[in-house]
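In: Predicted model and sequence follow; I will ask about them next.
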Amino acid sequence: QAQLVESGGGLVQSGGSLRLSCAASGGTFSIRTMGWFRQAPGKEREFVAAFTWSGGGTSYADSVKGRFTISRDNHKITVYLQMNSLKPEDTAIYYCAASSSPYILPIRNVQYWGQGTQVTVSS
């Protein structure tokens, strides 16, 4: 069983930046895709971005394209989410996710979740 640990959340003003990190440990040999989802109060968990380990392909939700960038550390099973030009509507708990499938969507493909990290963007 893989374990995912996130870090880097916090409070930032509108237009600011934050960088989230997610480190995987344990049974990571089967992981093929890692990514980020978020959940705002009263809303469903939604896809944000994903990185396919083999091939390096990335995908983004339309709402974050051009503002967020997902990347990885080539020496560790770690992914990062650089979030720029943050908006109040980006406020949510951000969850790291991992899957043995090459596709992290649909959400039922996610096999491992992190504990979540709060991102709050003030206006």
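Out: All right, it came through fine.
In: Would you report the backbone torsion angles of the residue nearest in space to the middle of the chain?
Out: By Cα atoms, centre = their mean, the chain has its centre lying nearest to residue 36, at 2.0 Å. Main-chain torsions, residue 36, degrees, to the nearest 10: phi -130, psi 140.
In: which residues does it contact?
Out: 20, 22, 48, 49, 50, 70, 79, 81, 94, 95, 96, 97 (Cβ atoms under 8 Å, 6 or more residues apart in numbering). Where you see a C-beta, it was placed from the backbone N, CA and C, and this is true even at glycine.
In: Tell me what the closest residue to residue 70 other than its chain neighbours is bridged to.
Out: Nearest non-adjacent residue to residue 70, counting by Cβ to Cβ, 6 or more residues apart in numbering: residue 49, 4.1 Å away. Residue 49 has these beta-bridge partners by DSSP bridges: residue 36, residue 60.
In: tally of neighbours for residue 49?
Out: By the measure other Cβ atoms under 10 Å, the count of residues near residue 49 is 24.
In: My read is that it contacts residue 35, right?
Out: Yes - counting by Cβ atoms under 8 Å, residue 49 does reach residue 35; the two are 5.7 Å apart.
In: Find residues that contact each of the two.
Out: In terms of Cβ under 8 Å, 6+ apart, residue 49 and residue 35 are both contacted by the residues 59, 70.
In: if we can go back for a sec, now the residue nearest to the centre of the chain: how far from residue 122?
Out: 21 Å (Cβ to Cβ, to the nearest Å).
In: same thing with residue 51?
Out: Residue 51 is 29 Å from residue 122, by Cβ to Cβ.
In: And these two? Which one has more around it.
Out: The residue with more neighbours, out of residue 51 and residue 122, is residue 51; 20 against 11, by other Cβ under 10 Å.
In: which non-adjacent residue is nearest residue 38?
Out: residue 92 is the one closest to residue 38 (Cβ to Cβ, 6+ apart), at 3.8 Å.
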